[in-house]
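S.K.: Sharing a model that was predicted from the sequence below.
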Amino acid sequence: MTDPSVNQTTPPGLMSTAQAQQILSEIELALQSDLNRAIELAQAALARGLEQVRVLTLVALRLEEEGRYPEAMRLLDRAAGLDPRDASVWNLVGLCLVKQNRRRAAVAAFEQSLALDPSFAQPYYNLGTTWEYLGSYEDAREQFERAIKLFPDYADPLAGLATLAVRGGDWPMARDYAERCLALQPFQPAATSALASADLNDRKFEDAERRLRDLVDEPGLDRFDRPSIHSQIGDALDGQGRCDEAFAAYLEAKAGYRAAHRHNFEDAGVESQLDFANRMRAYFEVAPAEPWSAPAPRGDAEAWPARALSFLVGFPRSGTTLLENVFASHSDVLALDERATLLNTEERYLASADTLDHLGTLSAEEAAQRRAEYWQVIRGFRMTPDDKVIVDKMPLYTKKLPLISKLFPGVKILFAVRDPRDVVFSCFRRAFQMNAGMYQFVTLESAALYYDAVMRLAELYRAKLPLDLHEVRYESLVVDFEGETRAACAFLGIDWRDSLNDFASVARTRQIRTPSAAQVRGGLYSSGAGQWRRYAKHLEPILPILQPWVERFGYDAD
């Protein structure tokens, strides 16, 4: 952290310059060994009117830890006004933005911090973890490696590389980086979590549980890290067949996620994704058929670089990652790796009944502009769509099928189906990176209600929209892989190739952004079917919500 200037005086009458200097010296001394003491001194100094960068940033740090982000940001704005070139201020701004789920803005704040002070170690790690969350794994790796090169004794970037190795399924590398990190800093939650992930992969469930229980009781564990540790404990207990204890751990994990993130998703005026799905259903239940009977036309001269376009939708944990990686092993296919390709477009057209009305009557010219933006987004991901069959996988694009149907003439829709009970239980137990959609899984009831709302919406869309849609059932895919895959290939207009049988090898070379990564890299497995039965008594309260979909998709009642 850069040293602030100490020649900024306080308002007259509150304390002398000498008193202010003494307080700042005490704060600096406390920072060497006792951060909490330094923050307490800063809080007392601010209460006495000492308006100084170090004081403001320390108090803002405490507010950030307590989740009081608007207050923290106001103090940081005052600190930046006093010294806009203090890199520590911008680093803390970035941390506050991350906690508010504003990660693109956080990237800019961390980059500003590094531009001001390239010798400041923390923003390299913070920028790396933010890029990791955003799915830019190479950018994340670059920041971690740069930090290690500049600061060999800085442990956190080694933990970052361990986490990336976990994501890539490179377990020996994950262990190596994590152990190197912990040799430098014995308490580093991300490194311990990476080792536990490696233990879970090796089926060393007792070892994983031991590591994680030692960690979860640490008083210094961040409230944003604690839920994922509880989730891993649940997986370790599940692996030992201790289902009741595992379910209790999953409950604790989700309660922690809700406590840490509810300010982003439950504040007044925030539309939840469940509310969004219900609003879309209310609109289309009464929408006239004519505006939605056909896509916006495509001009003869309009550039369309891809050979064909398809969207892979359904619901999280329905087998979409498996299917995407099967197609990714085909040389004619470009799989987009679950990237947000329609974010700006959906904000433009799905925000209200008025914007939906406009979408329904979209002109050819406006549609062409939105399609051009779509191709530009793909190229911005350093991907080349030219002459490829695009598989744009985003399970919850199910809710946005009117936008897809209207914008893209001839689009193919692959709809993934899996036993609703397995889907909802899997969504509840998994530790997703938090966003508005994943926040619906913080309780079993909200997960079930969200599934029901999205499936109701899908049924309505199938009745109202001209969708060229093909269902792929997860359980059928793992039993008759070639038959199901041949049918899906025929639907997409690509030839069957034997290379599709080796999709797991291709998956091991790809960065997979979902919790299914380890399973997909291991090849086909049938153990994913019927997992809900071991937790049936815990799922009893939500089974009535799911029963209509169990019947609709043809699954056995028990």
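M.R.: Structure received.
S.K.: Kindly provide the distance from residue 416 to residue 475.
M.R.: Residue 416 sits 11 Å away from residue 475, taking CB to CB, to the nearest Å as the criterion. The C-beta positions use only the backbone N, C-alpha and C, and glycine is treated the same way.
S.K.: quick one: which of the two has more around it?
M.R.: More neighbours surround residue 416 than the other of residue 416 and residue 475, with 26 against 19 (other CB atoms under 10 Å).
S.K.: Could you report the neighbour count for the nearest residue to residue 348 once chain neighbours are set aside?
M.R.: Excluding the flanking residues, the one nearest residue 348 by CB to CB, 6 or more residues apart in numbering is residue 355, at 6.8 Å. Look at residue 355: counted by other CB under 10 Å, it has 14 neighbours.
S.K.: so residue 355 sits right up against residue 349, yeah?
M.R.: Yes - look at residue 355 against residue 349 with CB atoms under 8 Å: they come within range, at 5.1 Å.
S.K.: how many neighbours does residue 394 have?
M.R.: 21.
S.K.: wait, what's in contact with it?
M.R.: Residues near residue 394 by CB atoms under 8 Å, 6 or more residues apart in numbering: 311-313, 338-342.
S.K.: Next: residue 555.
M.R.: With CB under 8 Å, 6+ apart, residue 555 has these contacts: 419-421.
S.K.: Next, format those as JSON lines and append secondary structure, neighbour count and pLDDT.
M.R.: Below are the contacts of residue 555 laid out as JSON lines (DSSP: H, G, I helix; E, B strand; the rest coil; neighbours: other CB atoms under 10 Å; pLDDT from 0 to 100):
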{"residue": "419", "secondary structure": "coil", "neighbour count": "26", "pLDDT": "97"}
{"residue": "420", "secondary structure": "helix", "neighbour count": "27", "pLDDT": "98"}
{"residue": "421", "secondary structure": "helix", "neighbour count": "24", "pLDDT": "98"}
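S.K.: quick one on the thing from earlier: can you give me the pLDDT of the residue nearest to residue 348?
M.R.: pLDDT recorded at residue 355 is 97.
S.K.: so it sits in a helix?
M.R.: Yes - under DSSP: H, G, I helix; E, B strand; the rest coil, residue 355 sits within a helix.
S.K.: Could you find the closest non-adjacent residue to residue 79?
M.R.: Once flanking residues are discounted, residue 79 sits nearest to residue 56: 4.0 Å by CB to CB, 6+ apart.
S.K.: Would you mind naming the helix or strand containing the one you found?
M.R.: helix 53-65 (DSSP states H and E).
S.K.: for that helix, which positions count as buried?
M.R.: Residues 53-64 are the ones in helix 53-65 that count as buried (16 or more other CB atoms under 10 Å).
S.K.: One more: stretch 289-296?
M.R.: So, applying 16+ other CB under 10 Å, buried residues of stretch 289-296: 291-292, 295-296.
S.K.: Now render those as TSV, adding pLDDT.
M.R.: As requested, those are exported to TSV (pLDDT from 0 to 100):
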residue	pLDDT
291	94
292	96
295	93
296	91
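S.K.: Using CSV, lay out these together with secondary structure.
M.R.: Shown next, in CSV, are the buried residues of stretch 289-296 (three-state DSSP):
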residue, secondary structure
291, helix
292, helix
295, coil
296, coil
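S.K.: any idea which residue sits dead centre in this protein?
M.R.: residue 433 (3.4 Å; CA atoms, centre = their mean).
S.K.: Strands along the stretch 401-550 of the chain, start to end?
M.R.: 412-417, 468-473 (DSSP state E, counting those that start in this stretch).
S.K.: just checking, which of these sits deepest inside the structure?
M.R.: Highest mean neighbour count among these (mean count of other CB atoms under 10 Å): strand 412-417, with a mean of 23.
S.K.: got a list of what residue 434 touches?
M.R.: Applying CB under 8 Å, 6+ apart, the residues near residue 434 are 101, 257, 261, 264.
S.K.: Which of the contacts of residue 394 fall in helices?
M.R.: For the contacts of residue 394, membership in helices holds for none, with DSSP state H as the criterion.
S.K.: Which one of those residues is nearest to residue 176?
M.R.: Set against residue 176, the nearest of the contacts of residue 394 by CB to CB is residue 338 (27.9 Å).
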